Each structure stands twice: as C-alpha cells, then as structure tokens.
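> next input, structure requested:
(one chain, ligands or ions: 1)
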Amino acid sequence: MSTYSALPGGSWSLGDLTVSRFGYGAMQLAGPWVMGPPADRDGALAVLRAAVELGITHFDTSDAYGPRFTNDAIREALHPYSDSVHISTKVGGTRDAQGGWPTARRPEELREQVQHNREVLRLETLDLVNLRLGNAEGVVAEPIAESYEALVDMQNEGLIRHLGVSNATTEQVAEAMAISPIVMVQNMYNIASRQDDALVDMLASEGIAFVPFFPLGGFSPLQSAALSAVATRLESTPMSIALAWLLQRSPNVLLIPGTSKAAHLRENVAGAGVTLTADDLAELDAIGG
Ligand SMILES: NC(=O)c1ccc[n+]([C@@H]2O[C@H](COP(=O)([O-])OP(=O)(O)OC[C@H]3O[C@@H](n4cnc5c(N)ncnc54)[C@H](OP(=O)(O)O)[C@@H]3O)[C@@H](O)[C@H]2O)c1
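Sure thing, here's the model as predicted:
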C-alpha cells in the first residue's frame, strides 16, 4: 500500500501520474564521480528498497550514471515495479573514459539513450524523460527544437509518456512548451542558489513541476551559519531544514535529494516536514539573497 500522503509535502501530479513530492535522486548510487558500480551494491539496493518502504514513488535517474550501473541497481531493487512507482530519466549526454559528460543530443543519439533506458530499466514506456541541456558547467543559450522534437516523436511512438527539460534557460523552457507540453523542469536550485526563483513561480502558475537538482548542494554540501542556526533552534539538521525550505518554497517543487545511505534517507524524510515560521523563512531567505 502506498503511503506517500504521509510523506512530507504530500503528492503532485506529473500529467496523469501521481508522485510523492518527496522523491529520491539515484545519482549517488554509482561509484566515485558517478563512474563505475556502487561501492556498496547491497547498500545501494537497500536505499532503493527503503525509499519504496517509506512511500517514495518518484525516482530520478539517468543511464549516464555509472554509466548504466544506477539503472541496473534500480531494476534489480525495484523490478517488477509497483504501479505507484514512477521513474524520471534524462537524455542528452553520455560519458567518456575520463568520466567527462560530453553532450549527445542529435536525434539518433537521443533515440539510442531512450532505448538504453528502456532496456536496462526494463520498461516498455518511460514515465518521464527530461532533455538534459547545456553542459557540465551549466546552462547554455542555444536552440533546442531539433532535439526536443526528436523526443516528441518518441513520445508519439509510445516510448515515452511525459517530457521535461533539464539544465535549461527560461527561454529554452518556453521553446519546449511552444512545441509540446512539458510536465517538469529539472534545474540546479537550492536555498543558496536562487537563480531560478522567477522560473519556479512561472512554472507553478502553469501547473508544471520544478525539480531542483543539488537540493543539498550536490558535491559540495550546503554550509551556512544561518542554516545551522535555524537547524539548532528547531532541534533539526541543516539538511532537513534545506529540504523543508524547498517544500515550503512552492507546491510545484518536488524533492529528489541523493544519498547512498538508507540512514540518511530516513533522516531526511523524518526531518523535511518541519514547519518553518515566517521568522525562520526570513532568516533562511537571506542565505540566497
Ligand atoms: N538534471 C541534472 O543535470 C542533474 C544533475 C545532478 C544531479 N541530478 C539529480 O539530482 C539528484 C540530487 O542531486 P545530488 O544527489 O547530486 O546532490 P544532493 O541531493 O544535493 O546532495 C547529495 C549529497 O548529500 C549527502 N547527504 C544526503 N543526505 C544527507 C544527510 N542526511 N546528512 C549528511 N549528508 C547527506 C549525500 O551523501 P551520502 O551519500 O553520504 O548521504 C550526498 O553527498 C541526483 O541524485 C540526481 O538524480 C540531476
């Protein structure tokens, strides 16, 4: 039985798919620098199973994580998937032997990546595919039509249910929306990196999810005196407060914090439901100001 309504934040509709707003980002399950197999394979499978037990129904992944190893772990831990579980993946990039993240957004490259995700995750139809734009350094202002239209073609063929964009400028979000509906934008954003504030609000008014990657600061975990002070006052942790702040930021914000440890996952779920008062929010808002 799904318990997502008991998770902090409740649920959100990605098109016709209902997911828990508290999701799980699977990138941390691959080896160091997101290359190679998990250092602790049993631990990786345990985190994924713990997520489902906690009622999490939204999982974020990419075939580029590992590459392939993260999707392998998801399949091994969760297949056959419960009807309530929904997996978002992303295409548009690949990996090189040095662990770099070269872009790969020609239509034939995207088709190959969609096929890899379908095969490894063992899914006929992928629930949600984000077109990952820009590069490892950040967003890049460039047209997206050829790549996005290739994904729309695959959606029309029944290979993909819903589309989104990731690492996108506001102009690229608008370009995608003008071609075919998106249900998600997945960009870097957290309590200290607020460059997408206006985009979060615009998407909320359109009923589109905003999914922050690096919600806890990613490879450089968030550190802030104000965050620590609020956490101490509320007898919580900085990570929990950072997640609670995101949940209270806007109802269209979905969480996909990453962790390789079931104990951290449980701690984050337990802590993210704390209610932040207006005074707490004012103090926290100043971090990204
Ligand atoms: N669209 C994109 O371009 C893109 C880019 C990057 C990431 N993503 C997605 O976004 C998800 C989230 O990003 P992320 O995983 O890179 O970064 P994150 O969620 O901001 O932070 C993950 C880091 O926080 C640590 N952590 C988590 N809970 C903790 C706790 N309670 N106490 C102490 N440390 C804790 C984890 O370490 P432990 O493992 O030790 O817990 C890990 O090092 C990824 O998993 C991936 O699915 C998407």
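> bridged to the closest residue to the ligand within the chain, which residues?
Closest approach between the chain and the ligand, counting by Cβ to the nearest ligand atom: G258, at 2.0 Å. Bear in mind the C-beta positions are built from the backbone N, C-alpha and C, glycine included. According to DSSP bridges, the partner residues bridging G258 are G25.
> next up, the contacts around it.
Counting by Cβ atoms under 8 Å, 6 or more residues apart in numbering, G258 makes contact with Y24, G25, A26, M27, Q28, L216.
> want to throw those residues into a markdown table with distance to the ligand?
Below are those laid out as a markdown table (distance: Cβ to the nearest ligand atom, whole Å):
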| residue | distance to the ligand |
| --- | --- |
| Y24 | 8 |
| G25 | 2 |
| A26 | 5 |
| M27 | 3 |
| Q28 | 5 |
| L216 | 3 |
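> quick check: which ranges of the stretch 151-289 of the chain have low pLDDT?
289 (pLDDT under 70).
> check what pLDDT Y4 gets.
According to the prediction, Y4 has pLDDT 44.
> all further residue positions should be reported with the first residue as 794.
Understood, numbering begins at 794; the last thing we discussed is Y797.
> surely P1044 meets V993?
No: P1044 lies out of contact with V993 (Cβ atoms under 8 Å); the separation is 10.5 Å.
> now do the same contact list for S1017.
I984, A985, P1031, I1080.
> against P974, how distant is it?
37 Å (Cβ to Cβ, to the nearest Å).
> same question, R915
27 Å.
> list the beta-bridge partners for L924.
Going by DSSP bridges, L924 forms beta bridges with V884, V958.
> against D833, how distant is it?
32 Å.
> ok, those two, which is more surrounded?
L924 (24 against 13; other Cβ atoms under 10 Å).
> quick one: the helices in the stretch 944-1082 of the chain, in order.
Along the stretch 944-1082 of the chain, counting by DSSP state H, counting those that start in this stretch, helices occupy 963-972, 990-999, 1018-1026, 1031-1042, 1055-1064, 1071-1078.
> nearest to L903, of these?
helix 963-972 (13.8 Å; Cβ to Cβ).
> what residues sit buried inside the closest one?
Q965, V966, E968, A969, M970 (16 or more other Cβ atoms under 10 Å).
> got it, and stretch 1020-1028?
By neighbour count with 16+ other Cβ under 10 Å, stretch 1020-1028 contains the buried residues L1020, V1023, A1024, L1027.
> how many neighbouring residues does L919 have?
22.
> need the contact list for it.
For L919, the contact set (Cβ under 8 Å, 6+ apart) comprises I880, T882, V907, N910, R911, L952, I953, R954.
> and for F1007?
Taking Cβ under 8 Å, 6+ apart, one finds M981, Y982, N983, S986 in contact with F1007.
> also Q906?
Counting by Cβ under 8 Å, 6+ apart, Q906 has contacts D856, V884, G885, T887, A897.
> try it again at 6 Å.
By Cβ atoms under 6 Å, 6 or more residues apart in numbering, the contact set of Q906 is D856, V884.
> that one - that's part of a helix, no?
Yes: under DSSP: H, G, I helix; E, B strand; the rest coil, Q906 sits within a helix.
> surely S1053 touches A823?
No: counting by Cβ atoms under 6 Å, S1053 stays clear of A823, with 9.2 Å between them.
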